[in-house]
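Undergrad: Give me a 3D structure for the following:
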Amino acid sequence: MDAADSGSVAGDPGFVTSTDGVADAAGAADGAAAAALRIEQLRKSYGAEEVLRGIDLAVASHEVVCLIGASGSGKSTLLRCVNLLERIDSGSIWLDGQLITGPGVDQNLVRRHIGIVFQSFNLFPHMTVERNVTLAPMKVLGLSRAAASARAAELLDRFGLGEKRSDYPDRLSGGQQQRVAIVRALAMRPRLMLLDEVTSALDPELVADVLDVIRELARSGMTMLIATHEMGFARDIASRVCFLSGGQIIEQAPPEQLFSQPSDERTRRFLRRIVDAGRM
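TA: Presented below is the predicted three-dimensional model:
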């Protein structure tokens, strides 16, 4: 899969399946069209706890943006809102200039274009690696078994898993399972990849292989929004790093700037704790 495959929108009928709210979406589309992903004043609460407090973020096509911050800062919730796994309380999310949080939006259609990989691998234990990868392209995209298998073979070979296609997940290491989970998301040829702490559940010696996969995706031009505790990785791979605290983006900057000269005292305190813990 190349960057053109992941970002192609030619002939896309759009995500709105009813006319409710379409006029409002059309009026705001010009401001969102330049970004692959645009988030405006996003708020999300669980009961009385406001987890996201007015998030504004734009991610350009082929850009890699890393979200850093302490546990509970809102990184995972933000990714889940972008993939429409969480209902937002207010604000707007745009994908390639199309409003995906308005009335009449087909959420399942949106999710075809946004790949998401979590800390847990979530592979089907009773299916082989190949079947895990081909299931969604066949069921959701309508690919034939032959076409889905060819796509799976290409991706598995690309990421060093070709010999594992007939294995079941319990025969794989944690790192291999996470790489299969990434391949499964890529098999849908998404426009945008969301990665939520994908190395957190891995033993340290298995982390490098998964990070290498993500680096390869970045080199290929995949647009990615990544929540990570791996500061060195964020420094190496990100076009931009966003520091979150208390459900807000406190500051964002290129990694060389944010890690060496953060402008906000909250960012400085967080990075000092990371350094003191030997994690950067």
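Undergrad: The stretch 51-200 of the chain: helices as residue ranges?
TA: Applying DSSP state H, counting those that start in this stretch to the stretch 51-200 of the chain gives helices spanning 75-82, 107-112, 129-139, 145-158, 174-186.
Undergrad: outside of the first one, which residues touch it?
TA: Contact partners of helix 75-82, identified using C-beta atoms under 8 Å, 6 or more residues apart in numbering, comprise 37, 39, 42, 44, 51-52, 55, 67-69, 86, 88, 93, 114, 116, 192, 194, 196-197, 225, 227, 244. Just so you know, the C-beta spots here come from the backbone N, C-alpha and C atoms, and that holds for glycine as well.
Undergrad: Return the members of those residues classed as buried.
TA: Neighbour-count burial (16 or more other C-beta atoms under 10 Å) is assigned, among these, to 37, 39, 42, 44, 51-52, 55, 67-69, 86, 88, 93, 114, 116, 192, 194, 196-197, 225, 227, 244.
Undergrad: closest one to Leu202 among the helices of the stretch 51-200 of the chain?
TA: Between Leu202 and those, the tightest spacing by C-beta to C-beta is seen for helix 174-186, at 4.9 Å.
Undergrad: How far off centre is stretch 149-157?
TA: Centre-to-centre, stretch 149-157 and its host chain are 21 Å apart (C-alpha atoms, centre = their mean, to the nearest Å).
Undergrad: What are the buried residues along that stretch?
TA: Going by 16+ other C-beta under 10 Å, stretch 149-157 has these buried residues: Ser149, Arg151, Ala152, Ala153, Leu155, Leu156.
Undergrad: For that stretch, C-alpha coordinates in CSV please.
TA: Extracted in CSV, the C-alpha atoms of stretch 149-157 (Å, rounded to 0.1, in the frame of the first residue of the first chain):
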residue,chain,number,x,y,z
SER,A,149,-5.7,-12.8,0.4
ALA,A,150,-3.4,-11.1,-2.1
ARG,A,151,-3.6,-7.8,-0.2
ALA,A,152,-2.9,-9.7,3.1
ALA,A,153,0.0,-11.5,1.6
GLU,A,154,1.6,-8.2,0.4
LEU,A,155,1.2,-6.6,3.7
LEU,A,156,2.4,-9.5,5.8
ASP,A,157,5.4,-9.9,3.6
